[in-house]
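Asker: 3D, please:
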Amino acid sequence: MASKSLFSAVAIALIATSSQWAAAQTSTQGSAPAGTAPVTRDQRKAETAAANKAGQLTPAGQNGPAMAAPTGPAMTSAERKAQAQSDAKAGQMAGAGDAAAHKPAAKTKSTKTRSERKAETAAANKAGNIKSGEGSFR
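Answerer: A predicted model of the protein is given here:
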């Protein structure tokens with residue numbers, strides 16, 4: 001009984017493999033419609049370049065989403081350079097990195113003199129409000 005099931009499994013695997021091989025052969029042979037000349041390399045390159053410009057190519061990988069069409073200002077390189085130079089002269093350029101997310105706090109002037117701060121700190125230390133050393137966490 002075991003030999004019959006083994007034979008059946010081998011037969012099914014053989015049929016599945018041969019059908020895939022036959023399908024692969026027919027798909028490569030039937031790629032060009034009958035009665036037309038094959039596409040040259042230059043024609044294929046032109047078609048690919050046009051599809052790339054139109055945003056119709058699929059990114060590298062398998063079956064990913066189609067590329068989005070370019071959206072942005074239609075500025076030439078020279079126009080972008082001129083805009084960047086004028087922004088730099090006006091002081092509107094952000095620094096390198098993530099400068100927009102991190103802006104340093106504005107510096108404020110103290111209203112107390114150094115001697116007033118020292119006296120205040122000494123008074124707080126004498127009153128026990130400033131803890132230091134190993135015993136400060138008890």
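Asker: Can you report how many residues neighbour residue 125?
Answerer: By the criterion of other Cβ atoms under 10 Å, residue 125 has 12 neighbours. Where you see a C-beta, it was placed from the backbone N, CA and C, and this is true even at glycine.
Asker: tell me the mean pLDDT for the helix or strand encompassing it?
Answerer: Taking DSSP states H and E as the criterion, residue 125 maps to helix 114-126. For helix 114-126, mean pLDDT is 93.
Asker: what comes up buried for that helix?
Answerer: Residues of helix 114-126 include none that count as buried (16 or more other Cβ atoms under 10 Å).
Asker: Send me it as CSV with only the CA atoms.
Answerer: Extracted as CSV, the C-alpha positions of helix 114-126 are listed here (Å, rounded to 0.1, in the frame of the first residue of the first chain):
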residue,chain,number,x,y,z
ARG,A,114,27.4,87.2,40.7
SER,A,115,27.7,88.3,44.3
GLU,A,116,23.8,88.1,44.7
ARG,A,117,23.8,84.5,43.3
LYS,A,118,26.7,83.5,45.5
ALA,A,119,24.9,84.8,48.6
GLU,A,120,21.6,83.1,47.7
THR,A,121,23.4,79.8,47.1
ALA,A,122,25.3,80.1,50.4
ALA,A,123,22.0,80.8,52.3
ALA,A,124,20.3,77.8,50.6
ASN,A,125,23.3,75.6,51.5
LYS,A,126,23.2,76.7,55.2
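Asker: contacts for that helix?
Answerer: Residues outside helix 114-126 that contact it (Cβ atoms under 8 Å, 6 or more residues apart in numbering) are 110, 112, 130.
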